[in-house]
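> Kindly return the folded structure for what I paste below:
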Amino acid sequence: MDINLTNNIINNICLEHNLHPILVDIGSTGDSPVIWSAIESFSTYIGFDPDTRDIQIITDKRFKKKYIINKAVTSSDKNNSTLFYYTKSTHCSSTLFPNFKSLSNYYSLFNIFQVENVDIIKTTTLNQLVSDLNLSSLDWIKLDTQGTDLRIIKSLNSMIFNKVLVVDVEPGLIDAYVGEDLFSDVHGYLVGNGFWLSTIGLNGANRIKQSTIEEMNKRISNFHKSIQKIKGSPGWCNARYLRTLEWLNEHSALNKDYILLWIFSIIDNQIGFALDIAFEYEKLFGKSNISEMLVNYSLLIFNNLPE
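Prediction:
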């Protein structure tokens, strides 16, 4: 895809229709997702991460508005604090305790999930966020909560949930935390509530116990240095879900919701779905400059795709 062409098209549409997406990044260790770079100048970015050891405070003006909130997002509005487990790897810190019985099957994971500190941290909910910032919607939510993605999605009140257009999740395929939300549950809920799976990437580790490595070290010198030869096994995934057109139709979505979903589909490289949206927009709202623009821009991007 021609990045410059795509960015110019998105800029034109956002400017002409005064679109300002709300992007929520839960578990925002590091910089904001690269995929948002095409829409950042028009967007409000809201990042959460209670483990601030790796957070980069960005002082440039890339986003229209930007909030960094050092609280954990939870599913319950009954408490404003919770226990938080700081692990050896900042990317594994969580409100859930690591499941070392399960992790013991994965030598490299068992080590990085070791708890180095436990503290009580402040919490909030997405419903409270919408109220505090007086937001009309949460358009794209990225969750990397280390085991609680589904319960946070389920905690959204229906008025907020119904308007969400894209959800990114990073659920486990193994129970790395005690009581965590696994991919099968997250996937089933989202697909059953008006989303379809656009993208998935698998990540994992080598399945071998530390006790086995210790035994092998007795037989083969420095065996532990060679465990990368062992086939890796899936442990968690990154998945992106887009709203279905059927859901938008059934919930009387506004024309701007279709336009935003079109933009999100374009930057996710889902050109076929973008064309679906363009023609659905024309059917619902009639032929107009914007309906022709969505169709023509989709075709222009399609024609510039590599063979």
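> hey, let's count contacts and neighbours off CA atoms from now on
Fine.
> helix, strand or coil for residue 218?
What DSSP: H, G, I helix; E, B strand; the rest coil gives for residue 218 is helix.
> so what pLDDT did the residue of the chain positioned farthest from its centre get?
Among the C-alpha atoms of the chain, the one farthest from their average position, using CA atoms, centre = their mean, is that of residue 219, at 44.1 Å. Per-residue confidence at residue 219 stands at 88 (pLDDT).
> Let me know the distance separating it from residue 240.
45 Å (CA to CA, to the nearest Å).
> could you pull out the helices for the stretch 201-307 of the chain?
In the stretch 201-307 of the chain, helices defined by DSSP state H, counting those that start in this stretch lie at 210-219, 245-250, 255-267, 271-285, 289-303, listed in chain order.
> Compile those helices into TSV and extend it with columns for distance to residue 87.
Putting the helices of the stretch 201-307 of the chain into TSV (distance: least, CA to CA, whole Å) gives the following:
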stretch	distance to residue 87
helix 210-219	19
helix 245-250	39
helix 255-267	34
helix 271-285	40
helix 289-303	44
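> Can you name the helix or strand that residue 150 falls in?
helix 149-155 (DSSP states H and E).
> any weak-confidence spans in the stretch 1-150 of the chain?
For the stretch 1-150 of the chain, applying pLDDT under 70 flags the ranges 1-2, 28-30, 51-60.
> go again using 90 as the cut-off
Along the stretch 1-150 of the chain, the model assigns pLDDT under 90 to residues 1-17, 27-33, 48-72, 76-80, 90-91, 107-108, 111, 132, 136.
> didn't residue 185 look like it was pressed against residue 151?
No - here residue 185 does not reach residue 151: they are 10.1 Å apart, not a contact under CA atoms under 8 Å.
> Am I right that residue 197 is in a strand?
Yes - in this structure, residue 197 lies within a strand as judged by three-state DSSP.
> What is the burial count for residue 168?
When neighbours are counted by other CA atoms under 10 Å, residue 168 registers 22.
> Tell me which other helices or strands the helix or strand where it lies touches.
Element membership of residue 168, judged by DSSP H and E, is strand 166-169. With contacts defined as 3 or more CA pairs under 8 Å, 6 or more residues apart in numbering; DSSP states H and E, the secondary structure elements packing on strand 166-169 are strand 140-143, strand 232-243.
> CA atoms of that strand as PDB?
In PDB, the C-alpha atoms belonging to strand 166-169 read as follows (Å, rounded to 0.1, in the frame of the first residue of the first chain):
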ATOM      1  CA  VAL A 166     -12.300  -1.400  16.500                       C
ATOM      2  CA  VAL A 167     -11.000  -3.500  19.300                       C
ATOM      3  CA  ASP A 168      -7.400  -4.800  19.600                       C
ATOM      4  CA  VAL A 169      -6.700  -7.500  22.200                       C
END
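> Let me know the distance separating residue 38 from residue 63.
In this structure, residue 38 and residue 63 are separated by 11 Å, where distance is defined by CA to CA.
> and those two? which has more neighbours close in?
Set side by side, residue 38 and residue 63 show unequal neighbour counts under other CA under 10 Å, the larger going to residue 38 at 20 against 16.
> Appreciated, that's everything.
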